[in-house]
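>>> What follows is a predicted structure for the sequence shown.
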Amino acid sequence: MTPLTYLYAPGDHPDVVLKALGSGADVVIIDLEDAVPSDRKNYALAATAELLTLPQPLPVHVRINSPRDIETLTGLPGLCALRVPKVAHGTDIRRIADRAPGVPLHPLLESAVAIEHAYDIAAAHPAVRGISLGEADLRADLGVRDGASLDWPRSRIVVAARAAGLPPPSQSVFPDIRDLDALYASCTHGRALGFLGRAAIHPRQLPVIERAFLPTPEEIEAAEEVVKAAAGDEGALALPDGRFVDAAIVAAAERTLSIARRETF
């Protein structure tokens, strides 16, 4: 299934993690980094390891905080992937891959240096299954405030992911859990830039994110028309309304239908 919603839950609150697992999110990300105070890091890791000794009902990623997290969690049945914060170079992720054999990795790019090395990070190792931005840290590093100022690095990682053969990145979290209209507008903008799905920090954000990234009925109808018209035709063609259709447009239509069916593409 193509995941669209990723819900963060702090590792030092196992009750919140359990609620997240039943929230309807496609993926739960247990956070051992920024969401956990320094004096509760050890407890957060122990609680997360205990949970992941058993398989979970949906994919669970863990955003790690230290090398000890990698050693403790690698090989546990309930772990689906590691989220690696503050990756700056491909060598960073290769070192993690060596310490976590067989574990899918999702580097987080959170600095100007990381953006400059986006493709190197995305293509650093076969264990890399996706890249995404950490926009709060990136905004601080660049000294910018409004979201529009990050559109260039956002586009940069979309291109890097595609060039490395990875899925489209998911968007970074939207920090205001009350303004769902602004969240929806931000998601539709992200979708236009090439993102697919988004991380959330509260369950109320999940249906908004899903609605923004799923194709509309009109988009599905148009895609079905393109695919149907192109069936059995290896060349370019024109639809009755005059729209020109070639292989690239057919591929985009098939991708739209795959997302609508929540299929992996």
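Arrived safely.
>>> Leu4 against Glu210, yeah?
Yes. Here Leu4 reaches Glu210: they are 5.2 Å apart, a contact under CB atoms under 8 Å. (Glycine included, C-beta is placed from N, CA and C.)
>>> Looking at the two, which has the bigger crowd around it?
Shown here are Leu4 and Glu210; by other CB atoms under 10 Å, Leu4 has more neighbours (22 against 18).
>>> so what's the closest residue to the more buried one other than its chain neighbours up against?
Distance criterion CB to CB, 6 or more residues apart in numbering; nearest residue to Leu4, sequence neighbours excluded, is Gly197 at 4.0 Å. With contacts defined as CB atoms under 8 Å, 6 or more residues apart in numbering, Gly197 is in contact with 2-6, 26, 170-171, 209, 213.
>>> let's see it at 6 Å
With contacts defined as CB atoms under 6 Å, 6 or more residues apart in numbering, Gly197 is in contact with 3-4, 170, 213.
>>> Going through those residues, which ones are buried?
The neighbour count (16 or more other CB atoms under 10 Å) marks 3-4, 170, 213 as buried among the contacts of Gly197.
>>> Among those, find me the one that's closest to Trp152.
When these are ranked by distance to Trp152 (CB to CB), Ser170 comes first, at 18.3 Å.
>>> Looking at the contacts of Gly197, which are in helices?
Using DSSP state H, Phe213 are the members of the contacts of Gly197 that sit in helices.
>>> biggest separation within the contacts of Gly197, which pair?
Pro3 and Phe213 (10.1 Å).
>>> Val144: neighbouring residues, count only.
By other CB under 10 Å, neighbour count at Val144 equals 13.
>>> Assign a three-state SS to the spatially closest residue to it that is not a sequence neighbour, would you?
Excluding the flanking residues, the one nearest Val144 by CB to CB, 6+ apart is Leu150, at 6.9 Å. Here Leu150 is recorded as helix under DSSP: H, G, I helix; E, B strand; the rest coil.
>>> now Leu150: how far from Leu51?
Distance, Leu150 to Leu51, using CB to CB, to the nearest Å: 33 Å.
>>> Just the pLDDT at Met1, thanks.
Model confidence at Met1, expressed as pLDDT, equals 79.
>>> likewise Val250?
86.
>>> wouldn't it be in contact with Ala231 here?
No. Taking CB atoms under 6 Å as the definition, Val250 is not a contact partner of Ala231, at 9.3 Å.
>>> Run a quick neighbour tally on the residue lying closest to Ser149 once chain neighbours are set aside.
Leaving aside its sequence neighbours, Ser149 sits nearest to Leu142 (CB to CB, 6+ apart; 7.3 Å). The tally of other residues near Leu142 (other CB under 10 Å) stands at 15.
>>> I'd like the numbering to begin with 5 instead of 1 from here.
Okay, residue one is now 5; in that scheme the one you just asked about reads as Leu146.
>>> now Leu146: how far from Val117?
For Leu146 relative to Val117 (CB to CB), the value is 11 Å.
>>> Repeat that for Ala13.
Relative to Val117, and taking CB to CB, Ala13 is found at 29 Å.
>>> How about Val230?
Val230 sits 41 Å away from Val117, going by CB to CB.
>>> These two: who's more crowded?
Taking neighbours as other CB under 10 Å, Val230 and Val117 compare with Val230 leading, 21 against 13.
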